[in-house]
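Colleague: Only the shape, not the letters, is given here:
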């Protein structure tokens with residue numbers, strides 16, 4: 001079994017992230033080898049302000065740390081706000097360090113015409129700095145509101161994102177196995 005942590009990066013009222021995460025989870029659950037842990041940042045209660053290194057960690061940080069540490073891989077669901085990703089997502093990433101090490105990260109982004117790609121390009125840099133491995137495949141959802149079917153379901157069965165998600169999950173699984181095996185043979189040293 002592989003453990004994937006699905007992180008919903010937006011905390012805004014009326015956000016679309018949970019819809020995207022539900023779609024991802026419904027598809028990923030079709031794979032018998034995956035165990036999914038959905039982490040909704042709107043529900044974690046992580047403090048907005050980071051503490052000093054010598055200060056005790058706030059309880060919400062202590063509670064989330066083992067869930068991230070147990071993950072073999074991460075899928076970050078993020079909108080694009082003003083050509084970047086949401087501030088609560090950056091804060092959540094910065095609360096942790098070793099939990100990200102030598103683990104693959106995939107991105108599902110949504111937004112206007114860019115589909116969130118400005119956000120994911122920045123996230124790739126952030127996660128690389130944290131010794132994580134952003135994978136090449138991703139799902140980008142430009143003008144995501146146009147992907148609703150006539151019956152109100154999302155996304156349309158013919159939407160390209162359905163194929164993109166399969167490729168992304170395939171690559172993320174491959175990297176998750178490879179990096180988990182490597183960490184088991186030799187501990188990662190940043």
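Modeller: Received the coordinates, thanks. These numbers come from a predicted model, not from an experiment.
Colleague: contacts and neighbour counts: CA atoms only from here.
Modeller: Will do.
Colleague: From the contact counts, what lies against the helix ranked longest in the chain?
Modeller: Criterion DSSP state H: the longest helix present in the chain is helix 160-185. Judged by 3 or more Cα pairs under 8 Å, 6 or more residues apart in numbering; DSSP states H and E, the packing partners of helix 160-185 are strand 2-8, strand 73-79, strand 104-111, strand 139-142.
Colleague: neighbouring contacts of the following helix or strand past the second one?
Modeller: In the C-terminal direction, the helix or strand that comes right after strand 73-79 (DSSP states H and E) is helix 87-94. Residues from elsewhere that reach helix 87-94 (Cα atoms under 8 Å, 6 or more residues apart in numbering): 9, 10, 11, 41, 46, 48, 49, 50.
Colleague: now do 6 Å
Modeller: Applying Cα atoms under 6 Å, 6 or more residues apart in numbering, the external contacts of helix 87-94 come out as residue 9.
Colleague: Buried residues, that helix. List them.
Modeller: When burial is assessed from 16 or more other Cα atoms under 10 Å, helix 87-94 yields the following buried residues: 88, 89, 92, 93.
Colleague: Stretch 168-187 now?
Modeller: 168, 169, 171, 172, 173, 175, 176, 177, 179, 180.
Colleague: Against residue 42, how distant is residue 14?
Modeller: 12 Å (Cα to Cα, to the nearest Å).
Colleague: ok, those two, which is more surrounded?
Modeller: Neighbours were counted for residue 14 and for residue 42 using other Cα atoms under 10 Å; residue 42 has more, 15 against 8.
Colleague: Which residues are in contact with that one?
Modeller: Residues near residue 42 by Cα under 6 Å, 6+ apart: residue 11.
Colleague: which residues does residue 84 form a beta bridge with?
Modeller: For residue 84, the beta-bridge partners under DSSP bridges are residue 81.
Colleague: so it touches residue 121, yeah?
Modeller: No - applying Cα atoms under 6 Å, one finds residue 84 not in contact with residue 121, separated by 8.6 Å.
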